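K.L.:
Everything below, folded, please.
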Amino acid sequence: MKHRQHAQHSIRCTCPWDSLTVWVDGSVSHCGRSIPLGELRTVDFETFWNSVELQRVRGMFRHDALVQSGCMPTCNVLMALYPDRYVPNQIETAAMAPVPDTAIRLERTKHRPSYMLLQLSDFCSLGCPMCCYGAGDDLKAKLAKSKVLPNEVFDHLLPVWPGIRTLELLGGELFDLPWDGHPLRRLFTDLKNHAHPSLDVKVVTNGKNLDERWCRFLLDHAFVGCVSFSIDSAHPEIYPTIRRRGNLARTLENLERLASMRQTHYRPEIHVTSLLGNHTAPTLLHLAETARRLGADRLDIQPMNPMGDPRFHYDNNIFQPRFVPELVALWKDLTTLDFHSNRADILVMIEAFVGFLGMSDEVVAQDSSLPQFGQYRGDLTLGPIARRNEVVQSFVAKRTTLRRARLQFATYARTNTKPIDLMIETGTSERLLRVRIDPRELVDNAWHDVELPNTKLQLGREYRVRLASRRSGGNDCVTMRGATSETTQVRVGRRKLAASIAMMLF
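P.N.:
Sure, this is the predicted structure:
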């Protein structure tokens, strides 16, 4: 195994400085995907926050020694941030030469966490095979062994609440617990009395027992900004193989009820979450459409972690060489998914995994429904496209033909009228094609398909995409969406940016 040498890096994950995870037994860490570093039953928050253990983690983060600090190499955040290193299901790619103790500087901080993940209970009536709380068929025995967050931990969190801006609540399953004495009711009282006015709370649930009473309770608290339903699949034959002892019809009914009840409220957003596996991948588009139809706002896709039943994980973890055909099918499906989601993260992971296997160029060359260039994020604005201000980016041909493009435009939330020219050029500025786009057909921040004349390319040669609109002015123009990039540059007018257009080329 080849180890990377440790070095100072710009820090992308800032959890040790601004995040806190508290588990139901009172154990605490900077991240839910890391090992516990302390506890809040007998220790107050300030003592933990600048403890030697957490100071040491900060020092290791300064050297990019994330796995050495206790991070899971299967963390989906790391896999999205560092796709070349944290390849799905390839733990050895994350290995680095250990940072010597003499190089690690203990780091205190005056910063306080703005994000918290809080587990209020560990009881769940379902028996999901991928969950550490799913084992056991005797629900009375499970309930008898279950825990809720101790009162002393609630007390130690009181001084933390004023700094928290985002709070994510987990179980078990919160709405399986009886109303009387429910920890959510104690928590919400504390938040009303101590939390920052801009606090945003996300409640995670399987949705089975989120009845009308609980819906009204959530809607009565303005700081509840999101309710996330863990459904995995809306297919009636797939759902019960994952959400064992679940009830799909009741869960979807509860989701639709919450969506209809919030019509007089600005909040909360409703998300639907799917575990990404070989069993759920073929039904993701169906789940997205079901979520849209019932009034949900977003689909979140989560790769499997090695927990729960090992056989279930082996059979369904899609990031395995034997499932490359299934991954390719998912890759194609996700390029068409326009419902709000984290599909960009998953597409990055798929490309990283197929590339790790040395199959990327071969797979793309053989299948014209896969993008030969794909940048799926639209976090930045690149433009405007007006007068002499053009947007230009290079790409390398992975097939010998170019037939279609998908691009993400921003319209400034208005109807624009001046046409946009999309041009494909060689590296020596020889124009191969020009297609005119009618801006009146564009939707703000949405993907737009552009059919191209069948154009011959030379495999491995560099080409340029140019977007121009000479007739546009400042009040009648569009811009491109895009994202920062370490491997590509975009030219916007005379400026060169380390970025990439949100674009797929087929």
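K.L.:
going forward, measure contacts between C-alpha atoms and count neighbours the same way
P.N.:
Fine.
K.L.:
all helices for the stretch 301-450 of the chain, in order.
P.N.:
Counting by DSSP state H, counting those that start in this stretch, one finds helices in the stretch 301-450 of the chain at the ranges 310-316, 324-335, 343-356, 360-366.
K.L.:
Can you say which of the ones you listed is packed in most?
P.N.:
helix 343-356 (a mean of 21; mean count of other CA atoms under 10 Å).
K.L.:
how far away is A80 from S500?
P.N.:
Distance, A80 to S500, using CA to CA, to the nearest Å: 16 Å.
K.L.:
out of those two, which sits in the more crowded spot?
P.N.:
S500 (28 against 20; other CA atoms under 10 Å).
K.L.:
Now L167: which helix or strand?
P.N.:
Using DSSP states H and E, L167 sits in strand 166-170.
K.L.:
re the thing from before, V99: which of the helices of the stretch 301-450 of the chain is closest?
P.N.:
Judged by CA to CA, the one of the helices of the stretch 301-450 of the chain that comes nearest to V99 is helix 343-356, at 25.5 Å.
K.L.:
what's the spacing between that closest one and its chain's center?
P.N.:
Relative to its parent chain, helix 343-356 has a centroid offset of 13 Å by CA atoms, centre = their mean, to the nearest Å.
K.L.:
which other helices and strands contact that helix?
P.N.:
Helix 343-356 sits against helix 76-81, strand 298-303, helix 324-335, helix 360-366, with contacts defined as 3 or more CA pairs under 8 Å, 6 or more residues apart in numbering; DSSP states H and E.
K.L.:
Mean pLDDT and distance to A483 for these - can I get that in a markdown table?
P.N.:
A markdown table is the format used below for the helices and strands packed on helix 343-356 (pLDDT from 0 to 100; distance: least, CA to CA, whole Å):
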| stretch | mean pLDDT | distance to A483 |
| --- | --- | --- |
| helix 76-81 | 74 | 12 |
| strand 298-303 | 96 | 20 |
| helix 324-335 | 97 | 17 |
| helix 360-366 | 95 | 22 |
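K.L.:
Can you convert these into TSV and add a column each for distance to R12?
P.N.:
Shown next, in TSV, are the helices and strands packed on helix 343-356 (distance: least, CA to CA, whole Å):
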stretch	distance to R12
helix 76-81	8
strand 298-303	20
helix 324-335	26
helix 360-366	26
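K.L.:
residues in contact with the lowest-mean-pLDDT helix or strand in the chain?
P.N.:
The least trusted helix or strand in the chain, going by mean pLDDT, DSSP states H and E, turns out to be helix 76-81, with a mean of 74. For helix 76-81, the surrounding residues in contact (CA atoms under 8 Å, 6 or more residues apart in numbering) are 12-13, 73, 85-88, 302-303, 345-346, 348-349.
K.L.:
I figured G482 hits T381, correct?
P.N.:
Yes. G482 is in contact with T381 according to CA atoms under 8 Å; the separation is 6.2 Å.
K.L.:
the more surrounded of these two?
P.N.:
Neighbour count, other CA under 10 Å: between G482 and T381, G482 has more, with 24 against 16.
K.L.:
secondary structure class for R491?
P.N.:
With DSSP: H, G, I helix; E, B strand; the rest coil as the basis, R491 sits in strand.
K.L.:
how near is the nearest residue to it once chain neighbours are set aside to T488?
P.N.:
The spatially closest residue to R491, leaving aside those adjacent along the chain, is V392, at 5.1 Å (CA to CA, 6 or more residues apart in numbering). Separation of V392 from T488 (CA to CA) stands at 11 Å.
K.L.:
Over to L380?
P.N.:
Relative to T488, L380 is positioned 14 Å away (CA to CA).
K.L.:
Could I get the contacting residues of the most centrally placed residue in the chain?
P.N.:
Against the mean C-alpha coordinate of the chain, by CA atoms, centre = their mean, the closest residue is N342 at 4.5 Å. N342 is in contact with 299-301, counting by CA under 8 Å, 6+ apart.
K.L.:
Which parts of the stretch 101-250 of the chain are helices?
P.N.:
In the stretch 101-250 of the chain, the segments counted as helices under DSSP H, counting those that start in this stretch are 139-145, 151-157, 183-194, 212-219, 239-242, 248-261.
K.L.:
could you dump the ones you listed to a markdown table with mean pLDDT?
P.N.:
Converted to a markdown table, these look like this (pLDDT from 0 to 100):
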| stretch | mean pLDDT |
| --- | --- |
| helix 139-145 | 81 |
| helix 151-157 | 96 |
| helix 183-194 | 97 |
| helix 212-219 | 96 |
| helix 239-242 | 95 |
| helix 248-261 | 97 |
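K.L.:
returning to that earlier point: the residue nearest to R491: neighbour count?
P.N.:
Using other CA under 10 Å, V392 is surrounded by 21 other residues.
K.L.:
surely it meets L467?
P.N.:
Yes. The pair V392 / L467 is scored as a contact, 6.4 Å apart, by CA under 8 Å.
K.L.:
Can you pull the residues that touch both of those two?
P.N.:
In contact with both V392 and L467: no residue, using CA under 8 Å, 6+ apart.
K.L.:
what's the nearest residue in space to K208 that is not next to it in sequence in contact with, if anything?
P.N.:
Spatial nearest neighbour of K208, chain neighbours left out: T251 (4.7 Å); criterion: CA to CA, 6+ apart. Residues near T251 by CA under 8 Å, 6+ apart: 206-210.
K.L.:
Nearest to I231 among these?
P.N.:
N206 (6.3 Å).
K.L.:
so how far is R58 from that closest one?
P.N.:
Applying CA to CA to N206 and R58 gives a distance of 34 Å.
K.L.:
repeat for G181
P.N.:
38 Å.
K.L.:
the more surrounded of those two?
P.N.:
For G181 versus R58, neighbours defined as other CA under 10 Å are more numerous around R58 (26 against 9).
K.L.:
Quick check: the more buried one touching D18?
P.N.:
No. Contact between R58 and D18 fails when scored by CA under 8 Å: they sit 11.0 Å apart.
K.L.:
tell me the contacts of W161?
P.N.:
Counting by CA under 8 Å, 6+ apart, W161 has contacts 191, 194-196.
K.L.:
Tell me where the model's unsure across the stretch 51-200 of the chain.
P.N.:
91-96, 134-137 (pLDDT under 70).
K.L.:
rerun at 80
P.N.:
72-86, 89-97, 132-138, 143 (pLDDT under 80).
K.L.:
can you give me the strands in it?
P.N.:
Secondary structure of the stretch 51-200 of the chain (DSSP state E, counting those that start in this stretch): strands at 115-119, 166-170, 200-205.
K.L.:
ok, now the stretch 401-506 of the chain?
P.N.:
Under DSSP E, counting those that start in this stretch, the stretch 401-506 of the chain gives strands at 401-410, 420-426, 431-437, 446-456, 462-468, 478-484, 490-492, 495-497, 499-501, 503-505.
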